[in-house]
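K.L.:
Got a predicted structure plus its sequence, pasted below:
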Number of protein chains: 2
Amino acid sequence: MAGADHARWMGAALALASRGQGRTSPNPSVGCVIVHDGKVVGRGWTQPGGRPHAEAMALEQAGAKAAGATVYVTLEPCAHRSVRGPACADLLVASKPARVVVALGDPDPRTNGKGLARLADAGIETVTGVRAGEARATMAGFLRRMAHGRPQVTLKLATSLDGCIAMADGASRWITGDAARAHVHLERSRHDMILVGRGTWDVDRPRLDVRLAGLEARAPVRVVMSTRAVDDDGVVRITSPEEITTLSGDHLFVEGGAGAAAAFLAADLVDRLVLYRAPILIGGGRPALRDIGLGSLDAAHGRWTCTDTRQLGSDRLEVYERVRCLPGS
Amino acid sequence: MAGADHARWMGAALALASRGQGRTSPNPSVGCVIVHDGKVVGRGWTQPGGRPHAEAMALEQAGAKAAGATVYVTLEPCAHRSVRGPACADLLVASKPARVVVALGDPDPRTNGKGLARLADAGIETVTGVRAGEARATMAGFLRRMAHGRPQVTLKLATSLDGCIAMADGASRWITGDAARAHVHLERSRHDMILVGRGTWDVDRPRLDVRLAGLEARAPVRVVMSTRAVDDDGVVRITSPEEITTLSGDHLFVEGGAGAAAAFLAADLVDRLVLYRAPILIGGGRPALRDIGLGSLDAAHGRWTCTDTRQLGSDRLEVYERVRCLPGS
């Protein structure tokens, strides 16, 4: 089968993988498509909480049709048995597909190459590295945890063209429009956890939920960064950005305000910046960021690369990623 | 001849018109192309200081080949004789083209329809309104002066993603890269006048010239906004944004700093915003704008529309125009 076909079907698996983002910790969100004679006979994606795995779900759908088929999966099938289920590599061997196409090897030491080896030993053709970069993006939190022992951190900023997040008197409703604000809720739904600083918590007492039809159940765990106790049992508290290593969940969404944003940037703990910009000028308003400990302008350069831009109504979304090496990249 | 051909040839005339931008005050910068049997036989654009006119230059090139040709011109040919030269409408009548295609009617009361009428009276076919919007952009300063008795004002801002124009200690070299800074010089070359506030003048004593090979001679007149005298004979001084009505020149480029920018915005005297954005975060730096007298966030919306974006090295250029009606638009 041609490489173009592999890339196309892997695209379908990647789309399935994106469904679970922010819901599968401590497991990565994986997608799987099984194709027989050009037809999809099974589809799966990691279910909330991490089980069943994508391959198990897709294989159950495919049944006997998996024999001789090509299996597309965004991460190397796991090689380790668990109390929560059998190893996907074993399930695949038993199903006798002709070929397994993988986007990315699994850095988990219990699998790391063993999954692919087990398939090859059983006479199944294996292909790896198909759309690996995109697969990496769908499981950034898992990879971040494996590499750095902490969640992937996304910082959200919503500003005017002159970089203000509010007028001088604090008025901030609204800078961005409906479409941009809905997109913020979509981002929330893809994160396990959402964090605000103490100032924002006390002043706005934000709901921090997901207000999109059909996604209400995906509200992230709420985290407040504060050195003082928070009088809300439903909230997790940390006292500094460095404490995110103690949080369970692989995707943290930092929503504000300027102090919390600056603290995470100063600690170099922001991996992804989601910037919503309205085509307005405020002038003399509240800046998006406080001091981030920048020593010189030279030091500011080369840290961020723009990976996505799109129009949301009259606002513009820009996504930047911190230039930093992940294992395997 | 088909409308698509008209649009294509008018594109060539518009490109010629752009050559004179910022150099032809008090005249508009006009472009003219004369086409005979599908071949260009004459090209012209308004020369520095406003004369010769584009049509006169193109007709001189075309000579006898203008007879029976189609003349494309971005502005209605002038109908008024002047001590500086004959009326272009008369020159055209004498050259006997088959057809004159015009982008925009001339709002100057001495011409306003009379130029086209004189051509039609002489049996020349006339077509108007071809790519009028683009023609309007090439002569924005002229149209602004006709409508509002003042130059067209462009405000330049060069910021970090968080809207800073310098670090807290004032360091601003460099936020943007070489390509963006070269583009600023290109913008300067298209303006008659360049303005800075007193603070920028005193601290930076900027050269405000055009440092692009071949365009050095296009340095704009330097204007400083200050209530105190300026000890430089080569500089024009105004004391407030409103005084731009006293300046000769149809295109003013406001380069900084935050106080001058805010003053022009507060007076609603910015027509075009040229925003260079570097992919860096500064945090707690100097904001791009001081107070602009904004009463509410609602009032900030609907004032600016993005008309151009482009990548300049790692920086992003965005051009916004103030939503405001010009005569004929």
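P.N.:
Good, I have the coordinates.

K.L.:
from here on, contacts and neighbour counts on C-alpha atoms
P.N.:
Fine.

K.L.:
Okay, buried residues for the top helix by length along chain A please.
P.N.:
The residue-count maximum for a helix in chain A (DSSP state H) belongs to helix A:3-19. Residues of helix A:3-19 classed as buried: A:6-7, A:9-19 (neighbour count, 16 or more other CA atoms under 10 Å in any protein chain shown).

K.L.:
and which of the residues you listed is nearest B:R205?
P.N.:
Nearest to B:R205 out of the buried residues of helix A:3-19 is A:S18 (CA to CA; 53.9 Å).

K.L.:
tell me the contacts of the closest one?
P.N.:
Applying CA atoms under 8 Å, 6 or more residues apart in numbering or on different chains, we find A:S18 in contact with A:S29, A:V30, A:G31, A:T138.

K.L.:
Show me how far stretch A:131-147 is from its chain's centre.
P.N.:
The chain centre lies 8 Å from the centre of stretch A:131-147; the measure is CA atoms, centre = their mean, to the nearest Å.

K.L.:
Kindly report the same for stretch A:29-46.
P.N.:
Distance of stretch A:29-46 from its chain centroid, counting by CA atoms, centre = their mean, is 21 Å.

K.L.:
contacts for that stretch?
P.N.:
Counting by CA under 8 Å, 6+ apart, A:9-10, A:12-24, A:28, A:50, A:52-62, A:65-66, A:68-75, A:138-139 sit against stretch A:29-46.

K.L.:
how long is it end to end?
P.N.:
Counting by CA to CA, to the nearest Å, you get 5 Å between the two ends of stretch A:29-46.

K.L.:
before we move on, what about stretch A:263-283?
P.N.:
End-to-end distance for stretch A:263-283, by CA to CA: 24 Å.

K.L.:
How far does it sit from its chain's centre?
P.N.:
On the basis of CA atoms, centre = their mean, stretch A:263-283 sits 18 Å off its chain's mean C-alpha point.

K.L.:
rewinding a little: can you list the contacts of A:S18 in a markdown table and add secondary structure?
P.N.:
A markdown table is the format used below for the contacts of A:S18 (DSSP: H, G, I helix; E, B strand; the rest coil):
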| residue | secondary structure |
| --- | --- |
| A:S29 | coil |
| A:V30 | coil |
| A:G31 | strand |
| A:T138 | helix |
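
K.L.:
Rebuild those as JSON lines, extending it with pLDDT and neighbour count.
P.N.:
What follows is those, written out as JSON lines (pLDDT from 0 to 100; neighbours: other CA atoms under 10 Å in any protein chain shown):
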{"residue": "A:S29", "pLDDT": "95", "neighbour count": "33"}
{"residue": "A:V30", "pLDDT": "97", "neighbour count": "31"}
{"residue": "A:G31", "pLDDT": "98", "neighbour count": "31"}
{"residue": "A:T138", "pLDDT": "92", "neighbour count": "25"}
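
K.L.:
In the sheet, which strands lie alongside the one helix or strand A:V224 maps to, parallel or antiparallel?
P.N.:
Per DSSP states H and E, A:V224 falls inside strand A:221-225. Sheet pairing of strand A:221-225 (DSSP bridges) gives strand A:193-197 (parallel), strand A:235-238 (parallel).

K.L.:
what about the first one, average pLDDT?
P.N.:
If you average the pLDDT over strand A:193-197, you get 96.

K.L.:
cool, and the last one?
P.N.:
Strand A:235-238 carries an average pLDDT of 96.

K.L.:
Can you tell me what sits against it?
P.N.:
A:V221, A:R222, A:V223, A:V224, A:M225, A:S226, A:T227, A:A229, A:V230, A:I244.

K.L.:
Going through those, which ones are buried?
P.N.:
Looks like the contacts of strand A:235-238 have A:V221, A:R222, A:V223, A:V224, A:M225, A:S226, A:V230, A:I244 buried, using 16+ other CA under 10 Å.

K.L.:
now the residues you listed in a markdown table, with pLDDT?
P.N.:
Formatted as a markdown table, these follow (pLDDT from 0 to 100):
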| residue | pLDDT |
| --- | --- |
| A:V221 | 94 |
| A:R222 | 95 |
| A:V223 | 97 |
| A:V224 | 97 |
| A:M225 | 97 |
| A:S226 | 96 |
| A:V230 | 91 |
| A:I244 | 98 |
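
K.L.:
And the furthest pair within these?
P.N.:
Between any two of those (CA to CA), the greatest distance is 17.1 Å, for A:V230 and A:I244.

K.L.:
And the pLDDT at A:L208?
P.N.:
If you check A:L208, the pLDDT there is 88.

K.L.:
how near is it to A:L91?
P.N.:
Distance of A:L208 to A:L91, computed by CA to CA: 40 Å.

K.L.:
Please apply the same query to A:L215.
P.N.:
Counting by CA to CA - A:L215 and A:L91 are separated by 32 Å.

K.L.:
low-scoring pLDDT stretches of the stretch 1-150 of chain A, where are they?
P.N.:
For the stretch 1-150 of chain A, residues meeting the criterion pLDDT under 70 lie at A:1-2.

K.L.:
helix, strand or coil for the residue of it found nearest chain B?
P.N.:
Using CA to the nearest CA, A:A137 is the residue of the stretch 1-150 of chain A that sits closest to chain B, at 20.4 Å. Per three-state DSSP, the secondary structure class of A:A137 is helix.

K.L.:
give the contact list for A:A7.
P.N.:
Applying CA under 8 Å, 6+ apart, the residues contacting A:A7 are A:V130, A:R131.

K.L.:
surely A:G141 meets A:P151?
P.N.:
Yes: with contact defined as CA atoms under 8 Å, A:G141 reaches A:P151; the gap is 5.5 Å.

K.L.:
which neighbours do these two share?
P.N.:
By CA under 8 Å, 6+ apart, the residues touching both A:G141 and A:P151 are A:D250, A:H251.

K.L.:
before we move on, the earlier item: among the buried ones among the contacts of strand A:235-238, find me the one that's closest to chain B.
P.N.:
Among the buried ones among the contacts of strand A:235-238, and counting by CA to the nearest CA, the member closest to chain B is A:M225, at 19.2 Å.
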